[in-house]
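A.B. asks: Here is my input; please provide its structure:
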Amino acid sequence: MKKSLLFSALIIIIFASCTSKAKVDPIKPVFADTISATIDGVPENFNSLDTIRYNNPNSLYFSGTNAANADKMILILGSNGNSIDTGAYTSVYGGPKGSEILYGVGPGNTADNYYYTYDISGGASFDGVVKVTTISSSNIKGTFSGTVVQESSVLTSSPVIKIITNGKFNLAIKQSSQ
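C.D. replies: Sure thing, here's the model as predicted:
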């Protein structure tokens with residue numbers, strides 16, 4: 001009887017000490033990746049992340065999808081041969097730190113549901129800015145805003161636009177060979 005009580009107590013102690021520990025991805029920090037913005041006055045979260053990667057030391061690409069409505073936000077940064085660092089990346093043609101903001105409405109990939117910053121040299125401009133406030137080998141954080149134009153209407157007399165404000169991102173990043 002004493003042996004079975006001792007054995008039962010030992011089993012309880014073993015199970016109590018073997019609490020479940022969640023596996024932690026060593027590449028991904030503990031914080032939750034986030035991309036959010038206000039589109040034409042409506043807040044959206046793009047937390048179903050598709051891609052966050054360095055294409056090379058001077059190019060960074062990240063995107064997220066709104067799980068509720070399949071809207072997509074894509075941010076692309078580039079810096080003319082220099083490494084990505086803190087500062088403002090604009091969509092103005094020919095700048096030393098460039099960015100592209102793309103906003104996709106709903107599922108699919110057509111000219112009618114994608115909006116993006118667009119700068120025509122000497123013509124219309126639908127500009128945006130992505131500001132990197134902090135960056136390390138494993139995390140990037142910042143803000144973004146701009147005016148994006150519907151791809152199918154960019155060169156028409158009545159372009160269809162959306163205004164992006166209050167954009168924020170806080171993301172884990174990793175090197176990519178692609």
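A.B. asks: what's the pLDDT at residue 121?
C.D. replies: What the model reports as pLDDT for residue 121 is 62.
A.B. asks: try the one 3 residues further on
C.D. replies: Model confidence at residue 124, given as pLDDT, is 69.
A.B. asks: same question, residue 12
C.D. replies: Predicted confidence (pLDDT) at residue 12: the value is 34.
A.B. asks: now do residue 129
C.D. replies: On the pLDDT scale, residue 129 gets 92.
A.B. asks: do the same with residue 29
C.D. replies: For residue 29, pLDDT reads 41.
A.B. asks: go on, the one 3 residues further on?
C.D. replies: In this prediction, residue 32 carries a pLDDT score of 68.
A.B. asks: Any idea what residue 102 is bridged to?
C.D. replies: residue 74, residue 116 (DSSP bridges).
A.B. asks: just checking, what packs against whatever helix or strand residue 77 lives in?
C.D. replies: Assessed by DSSP states H and E, residue 77 sits inside strand 72-78. Contacts defined by 3 or more CB pairs under 8 Å, 6 or more residues apart in numbering; DSSP states H and E place strand 72-78 against strand 34-39, strand 59-65, strand 98-104, strand 128-135. Backbone N, C-alpha and C define where each C-beta goes, glycine included.
A.B. asks: Could you export these to JSON lines, including columns for mean neighbour count?
C.D. replies: Shown next, in JSON lines, are the helices and strands packed on strand 72-78 (neighbours: other CB atoms under 10 Å):
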{"stretch": "strand 34-39", "mean neighbour count": "19"}
{"stretch": "strand 59-65", "mean neighbour count": "21"}
{"stretch": "strand 98-104", "mean neighbour count": "22"}
{"stretch": "strand 128-135", "mean neighbour count": "19"}
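A.B. asks: Least confident of those strands, on average?
C.D. replies: strand 59-65 has the lowest average pLDDT among the helices and strands packed on strand 72-78, namely a mean of 85.
A.B. asks: Now do that strand against strand 128-135, angle only.
C.D. replies: In terms of direction (axes from the mean of the first three to the mean of the last three CA atoms, to 10 degrees), strand 59-65 departs from strand 128-135 by 100 degrees.
A.B. asks: if we can go back for a sec, need the helices and strands packed on strand 72-78 in TSV with distance to residue 166, can you?
C.D. replies: Listed next are these as TSV, based on distance: least, CB to CB, whole Å:
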stretch	distance to residue 166
strand 34-39	4
strand 59-65	15
strand 98-104	13
strand 128-135	12
